[in-house]
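Asker: Here's a sequence, model it:
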Amino acid sequence: MSGINDYIDSEVKSNDVVLFMKGTPGFPQCGFSGQVVQILDYIGADYKGVNVLDSAELRQGIKDYSNWPTIPQLYVKGEFVGGCDIVREMFQAGELQTFLVEKGVSVKGAA
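Answerer: Numbering: from 1, shown residues only. Have a look, this model is predicted:
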């Protein structure tokens with residue numbers, strides 16, 4: 001179990017923005033993952049997508065890691081932000097862009 005946890009930990013800590021998702025950014029395999037990809041692409045945030053469908057161990061591991069039951073999961077600068085609903089609400093309120101900029105992540109059209 002610790003192997004997968006170390007892998008997740010290193011992905012989360014070595015990428016400014018990382019999205020654990022079903023499928024890939026170019027080919028999301030669930031609607032919720034697709035929505036988060038669309039939002040991140042729209043605001044022009046550079047992120048890494050990690051496909052949890054590659055491994056059952058990873059799929060369970062990320063839920064244990066964050067203590068969050070669903071996928072996708074978005075991390076920014078090592079911090080768990082949330083799943084699709086939270087990301088969408090933050091985006092609609094204009095908070096996601098602000099949050100990313102405050103964390104030092106460049107987005108397009110940010111002040």
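Asker: Show me the strands in the protein, by range?
Answerer: Ranges of strands in the chain, per DSSP state E, are 17-21, 23-24, 27-28, 48-51, 73-76, 79-82.
Asker: Among those strands, which comes closest to residue 92?
Answerer: strand 79-82 (13.4 Å; CB to CB). Backbone N, C-alpha and C define where each C-beta goes, glycine included.
Asker: for the strands of the chain, which one sits closest to residue 108?
Answerer: Here strand 17-21 is closest among the strands of the chain (CB to CB), at 13.6 Å.
Asker: What is the closest one packed up against?
Answerer: The helices and strands touching strand 17-21, judged by 3 or more CB pairs under 8 Å, 6 or more residues apart in numbering; DSSP states H and E, are helix 2-14, helix 31-43, strand 48-51, strand 73-76.
Asker: 10 Å instead, please
Answerer: Under the contact criterion of 3 or more CB pairs under 10 Å, 6 or more residues apart in numbering; DSSP states H and E, strand 17-21 touches helix 2-14, helix 31-43, strand 48-51, helix 56-66, strand 73-76, strand 79-82.
Asker: export the ones you listed to JSON lines and tack on mean neighbour count and distance to residue 92?
Answerer: As requested, the helices and strands packed on strand 17-21 are exported to JSON lines (neighbours: other CB atoms under 10 Å; distance: least, CB to CB, whole Å):
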{"stretch": "helix 2-14", "mean neighbour count": "14", "distance to residue 92": "25"}
{"stretch": "helix 31-43", "mean neighbour count": "18", "distance to residue 92": "9"}
{"stretch": "strand 48-51", "mean neighbour count": "20", "distance to residue 92": "22"}
{"stretch": "helix 56-66", "mean neighbour count": "17", "distance to residue 92": "22"}
{"stretch": "strand 73-76", "mean neighbour count": "24", "distance to residue 92": "15"}
{"stretch": "strand 79-82", "mean neighbour count": "16", "distance to residue 92": "13"}
